[in-house]
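Undergrad: got a predicted model here, sequence first, then my questions.
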Amino acid sequence: MAQPALSQQIAHLEAELGVRFLDRHSRGVNLTESGKLFLSHAYFLFLSYAYFFVSVLRLLLCVCLTLICNKKYHKM
């Protein structure tokens, strides 16, 4: 995503929620306290999703290995 598009998305989210996440100034931007809180929650959600995704992959691997082992066992 290009920088202006990302900036527009953040500005749209800020307007929609009525909260400022960034302090914009001529030298760049800084996170507000609300921005820091939002970022920490977003990071937690991202890690939770990653953990869930890995757990599902491990489960699928176990199912596949069980099916393969059962198939080999029944051929004997």
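TA: On my side now, so go ahead. Numbers count the residues shown, from 1 in each chain.

Undergrad: can you give me the helices in the chain?
TA: For the chain, helices defined by DSSP state H occupy the ranges 3-17, 33-75.

Undergrad: got the ones you listed as JSON lines, with mean neighbour count and mean pLDDT columns?
TA: No exception for glycine: its C-beta is placed from N, CA and C like everyone else's. Below are these laid out as JSON lines (neighbours: other C-beta atoms under 10 Å; pLDDT from 0 to 100):
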{"stretch": "helix 3-17", "mean neighbour count": "11", "mean pLDDT": "91"}
{"stretch": "helix 33-75", "mean neighbour count": "10", "mean pLDDT": "93"}
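
Undergrad: need the contact list for residue 31.
TA: Contact analysis of residue 31 by C-beta atoms under 8 Å, 6 or more residues apart in numbering lists 21, 22, 23, 39.

Undergrad: out of the residues you listed, who's nearest residue 68?
TA: residue 39 (43.1 Å; C-beta to C-beta).

Undergrad: which non-adjacent residue is nearest that closest one?
TA: Excluding the flanking residues, the one nearest residue 39 by C-beta to C-beta, 6 or more residues apart in numbering is residue 31, at 6.6 Å.

Undergrad: identify the bridge partners of the one you found.
TA: residue 22 (DSSP bridges).

Undergrad: ok, it to residue 68 distance?
TA: Residue 31 sits at a distance of 49 Å from residue 68 (criterion: C-beta to C-beta, to the nearest Å).

Undergrad: next, name the residue at the spatial heart of the chain.
TA: residue 46 (3.0 Å; C-alpha atoms, centre = their mean).

Undergrad: okay then, goodbye and thanks.
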